[in-house]
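Asker: This is a predicted model, with the sequence first.
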Amino acid sequence: MPEERHLREKEETGMNLTYITWGYAWDQAIIAAFEQIGFTVEQVATKLSENDEKLFVEELLGGRASDIVFSVNFYKEISDFCQREGVPYASWVLQLPDFDLYTAAVTNTCNYIGICDSYLVQKLWEKGVTKAFYLPDAIEAPKNSKEENKFLYREACFVAEYQKPPLHTETIPVYSRGYIDAFLHTQRVLMGEYILENGLIERVHRDVMNANPVPEGILPEFHKLFLADKYLAPACTALQQSIFLQNYEKIMTIYSNGDFSACKCEKHPFLEDTVSRNQVYAEKEFTVVLAPHTLHNGIPRQALEVIAAGGFPLCTMQKDYSYFFKEDENLACFHSMGEFNDLLVRYGNDTGRREKLRQAAYELVVSQHTYQHRIQFMLEMWGKM
C-alpha cells in the first residue's frame, strides 16, 4: 500500500506530522512526545461547517507536505481524504463513544487507529479492521514529587463525568420498556461487565431503534453497538451513580459536573483546570472512580490522574486494568458495593497499607503511563502494521 511505503521510506530520516488540533487539554503533551522522538509537528486548527457536522478537509489538509496526519479521536472525513491522497492517517481514540469508528471509513487502508478500550479493538478486529490496536489513556509526568501532597481531609472525593442523551421510551411497547428498565438495573449491579450490546435481544433492539433512530452512515453490523453506547450506556451510568450516591452520601463529597441535586451531598464545582483538579485529588484520603459505561473495558483517565496527583483511587473494576495493575498491590478495585465497603475498612483503618499501595501505584503510572510511553508504543505498532 502507498501509505505503508511512505512510512518505511521516512523511518530513518524523520517525518513531518500534521497534527489536527481540536483544543483538547492533552494536545500539547502529545505534541511534545512526538517532537521528543524526532517528528517535525505542524499544528493545524480544525475548520467546521456552519452546523459543526462536516469538516472542511480540503482546506485543512490540501497542499500540505504531510508524511502522516494525526488526530486525537477518529474522523471519517480525514480518513477518506487520506485514503484518496495515499497519506497515512493515525488517530488515538481517547473520548468514547466515537461514532465515526462505526462507519465505513474505519476500513480505509490508510488508517492506524489506537483505541483506549480493548473491547472496541476486538470489535474492529472481528470486522476485519486489522490496523487497530489497544492504546490506553495516559497522563503527563508529574512535575512535583508526590511527597509534597498531603491528605488534608478524611473524606472521599467522587469522580463522575458523563453526558446523558435522552433515551426515548415513550413510543416503545410496554414489554420492551420493562425489559430495558430491568436490563439497566442488571448492568448497574454488574458494573464493569459490559452486556448492553450483547444482551439487547432482537425484539427490544428493533423497538429501541424505532424510538431512537440510528444516523445514516453507521454500518448495520454496528447498529446495536451504536444504540448501546449512545443511549443505554449513559442511562446506566446515571442510574449507577445516582444509586451509589444515595447509599454513600454520608461519607463522601461530590466532585462532578453531573446533576446530583436530588442527593443531600456536598458538591464541588467541576474544575476544568488540571492543576486545581489534581490538588483536589491529592487532598482527599480516597477518590472514588466510577468508570462511565461508555468505556467498556478501558482504564478511566481519572484513575491515572488521581494516582499521578498523589491521591488514592477506589476504582470500579475494568478488565483493562489487569494489563498493568494488580489488585491490592498497586490498585484498589471493587466489583460490588459489598467490596467497596470492605476496601473502605481495609485501607481506611490501615494507613501503612494504604501508603504502600499508593506509592506502588504512583511509581507504576509515572514509569509506564505517560504520553511519551504511549507515543513510543504507537510507533512500534505502526512498524508492525
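Answerer: Yep, it's here.
Asker: Which residues are in contact with residue 376?
Answerer: Residues in contact with residue 376 (C-beta atoms under 8 Å, 6 or more residues apart in numbering) are 33, 37. Heads up, the C-betas are built off the backbone N, CA and C, glycines and all.
Asker: Quick check: which ranges of the stretch 251-385 of the chain have low pLDDT?
Answerer: Residue ranges of the stretch 251-385 of the chain with pLDDT under 70: 251-271.
Asker: just the strands in it please.
Answerer: With DSSP state E, counting those that start in this stretch as the criterion, the stretch 251-385 of the chain has strands at 252-256, 267-268, 284-289, 313-316, 332-334.
Asker: what comes into contact with the fourth one?
Answerer: If you take C-beta under 8 Å, 6+ apart as the criterion, strand 313-316 is touched by 156, 191-192, 286-291, 300, 302-303, 306-307, 321, 331-335, 340, 343-344, 347, 361.
Asker: From those residues, list the buried ones, please.
Answerer: Among the contacts of strand 313-316, the ones that count as buried by 16 or more other C-beta atoms under 10 Å are 156, 191-192, 286-291, 300, 302-303, 306-307, 321, 331-334, 340, 343-344, 347, 361.
Asker: thought residue 335 was touching residue 317?
Answerer: Yes - using C-beta atoms under 8 Å, residue 335 is in contact with residue 317, at 4.9 Å.
Asker: Could I get the contacting residues of residue 217?
Answerer: Residue 217 is in contact with 76, 103-104, counting by C-beta under 8 Å, 6+ apart.
Asker: can you do 7 Å?
Answerer: Contacts for residue 217 (C-beta atoms under 7 Å, 6 or more residues apart in numbering) come out as residue 103.
Asker: do residue 218 as well
Answerer: Contacts for residue 218 (C-beta under 7 Å, 6+ apart) come out as 99, 102-103, 226.
Asker: In PyMOL, how would I select the buried members of those?
Answerer: To isolate the buried members of those in PyMOL, using 16+ other C-beta under 10 Å:
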select buried, resi 99+102+103+226
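Asker: Now secondary structure and pLDDT too, for the contacts of residue 218, in TSV please.
Answerer: Formatted as TSV, the contacts of residue 218 follow (DSSP: H, G, I helix; E, B strand; the rest coil; pLDDT from 0 to 100):
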residue	secondary structure	pLDDT
99	helix	94
102	helix	97
103	strand	97
226	helix	95
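Asker: which pair in the contacts of residue 218 spans the largest distance?
Answerer: 103 and 226 (10.0 Å; C-beta to C-beta).
Asker: which residues in the stretch 1-150 of the chain form helices?
Answerer: 2-10, 27-37, 57-61, 76-85, 118-126 (DSSP state H, counting those that start in this stretch).
Asker: So which of those is the most surrounded?
Answerer: Comparing those by mean neighbour count (mean count of other C-beta atoms under 10 Å), helix 76-85 comes out on top with a mean of 20.
Asker: so what's residue 82 closest to, chain neighbours aside?
Answerer: residue 89 (3.8 Å; C-beta to C-beta, 6 or more residues apart in numbering).
Asker: can you count the residues close to that neighbour?
Answerer: Counted with other C-beta atoms under 10 Å, residues neighbouring residue 89 total 29.
Asker: For beta bridges, what are the partners of it?
Answerer: Beta-bridge partners for residue 89, by DSSP bridges, are residue 69, residue 111.
Asker: Hmm, residue 110 and it touching each other?
Answerer: Yes - between residue 89 and residue 110 there is a contact under C-beta atoms under 7 Å: 4.8 Å.
Asker: list residues touching both of these two?
Answerer: 79, 82.
Asker: show me what contacts residue 374?
Answerer: Residue 374 neighbours (C-beta under 7 Å, 6+ apart): 135, 138.
Asker: quick one: it from residue 136, how far?
Answerer: 7 Å (C-beta to C-beta, to the nearest Å).
Asker: Would you mind confirming that residue 27 is in contact with residue 20?
Answerer: No - applying C-beta under 7 Å, one finds residue 27 not in contact with residue 20, separated by 9.6 Å.
Asker: how many other residues sit next to residue 330?
Answerer: Using other C-beta under 10 Å: residue 330 sits among 20 other residues.
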